[in-house]
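Asks: Make a model of this:
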Amino acid sequence: MTEVSVSPAALAESLTSLRATEPLIQHLTNRVTINDVANSTLHWGALPVMADGPNDGPEMAHGASAVLLNTGQVNDSLSEAIYETGLAANELGVPVILDPVGMGSTPTRNELVERLLADVDFAAIKGNYGEISALAGAEAEVKGVESVGEYDEIADTAQAVADSADTVVVASGETDIVATADAAYRVAAGDEMMGEVVGTGCILGGTVATFCGGLDDTLTAALHATLAFGLVGERAAGDEYSGPASYHTNLLDGIWNLTPEAASDLYVDLDDRVERIA
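Replies: Here you go, the predicted model:
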């Protein structure tokens, strides 16, 4: 398979494409992080819309460039909207991205995600180590929406999910894994402060959806989205902050400031940040 370039020039090209096309990214997501997801989508250069009603959701998919389905909050109305919007997007040929928040924590969430996997085709699936492991039927420990425990085989697990769902998988953790059935990449970018802010996983899901909506190749989109967000997390920690709240501000500002020109100047070589491991 063709290797994905992760050079500064390639990342800058992806960011340029986002700003040039301004893709409309539809989010059906949870109320806890909805504002951060909307703002981060806008800061990447896309247009966010948070249409999540049982009727409005499928209708809005007609104008969307990508649709994100986030299961961070589950109720009957939102669950049905998520399901119906996924089906509508498939019929329209719009890429659908799944963020199975809390998969493995409750039967209700598990049933919704399993229903989605059975009936909806996904361009990409993004979850933390625990959620991706739960999708694979492997042992996982998920408390609420947080992944805990050890996941030494996460690359193999991500590839198994990618193979079974015919998709690209992003497994987020201390280091991120981006996998297809044929390849797996380890992305070493980010900062531990990202774990001190509620919603960074949701922002990553929205980032993956945004890049998928603006780029033609899904693997490139997933890799560049994961790398770009990790680099933003590092830059946010490099600026002055006094705690999680000010770091959070730095993080959102960092997305806005990661212009194509800034990406070109980030590092001489980004290849050491992305390692093909399978």
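
Asks: Identify the residues contacting Ala9.
Replies: For Ala9, the contact set (CB atoms under 8 Å, 6 or more residues apart in numbering) comprises Ser264. C-beta: built from backbone N, CA, C; applies to glycine.

Asks: should've said Gly201
Replies: Here Gly201 is in contact with Asp99, Val101, Asn128, Val145, Ser172 (CB under 8 Å, 6+ apart).

Asks: try 10 Å this time
Replies: Contacts for Gly201 (CB atoms under 10 Å, 6 or more residues apart in numbering) come out as 33, 70, 72, 99, 101, 126-128, 131, 145-147, 172-173, 194-195.

Asks: Buried subset of those, written for PyMOL?
Replies: Buried subset of those, written as a PyMOL selection, criterion 16 or more other CB atoms under 10 Å:
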select buried, resi 33+70+72+99+101+126+127+128+131+145+146+147+172+173+194
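
Asks: ok, the contacts of Gly201 vs Cys212, which is closest?
Replies: Checking these against Cys212 by CB to CB gives Lys126 as the nearest, at 10.0 Å.

Asks: Leaving out chain neighbours, which residue sits closest to that closest one?
Replies: Nearest residue to Lys126 in three dimensions, chain neighbours excluded: Val170, at 4.1 Å (CB to CB, 6 or more residues apart in numbering).

Asks: all helices of the stretch 51-200 of the chain, in order?
Replies: In the stretch 51-200 of the chain, the helices defined using DSSP state H, counting those that start in this stretch lie at 56-60, 76-92, 107-119, 129-135, 154-165, 200-214.

Asks: How many residues are close by Leu87?
Replies: When neighbours are counted by other CB atoms under 10 Å, Leu87 registers 17.

Asks: swap that for Gly93, please
Replies: Gly93, neighbours per other CB under 10 Å, totals 6.

Asks: Same check on His62?
Replies: 12.

Asks: tell me the mean pLDDT for stretch 88-95?
Replies: Across stretch 88-95, the average pLDDT comes to 98.

Asks: tell me the contacts of Gly206?
Replies: Shown in contact with Gly206 (CB under 10 Å, 6+ apart): 25, 27, 29, 33-34, 36-41, 44, 46, 48, 66, 68, 70, 97, 99, 126, 199, 225, 229.

Asks: rerun at 6 Å
Replies: Val37, Ser40, Thr41, Leu68 (CB atoms under 6 Å, 6 or more residues apart in numbering).

Asks: Now rank the residues you listed by neighbours and give me the top one.
Replies: Leu68 (32 neighbours).

Asks: beta partners of it?
Replies: His27, Ile97 (DSSP bridges).

Asks: these two touch, right, it and Thr207?
Replies: No - taking contacts as CB atoms under 6 Å, Leu68 lies outside contact range of Thr207: 9.8 Å.

Asks: What is the neighbour count of Ala262?
Replies: 15.

Asks: what about it, which helix or strand?
Replies: Using DSSP states H and E, the element containing Ala262 is helix 260-264.

Asks: following that helix, which helix or strand comes up?
Replies: As assigned by DSSP H and E, the chain's next helix or strand after helix 260-264 is strand 274-276.

Asks: what's next to that next one, contact-wise?
Replies: Outside strand 274-276, the residues within contact range by CB under 6 Å, 6+ apart are Val6, Tyr185, Arg186, Val187.
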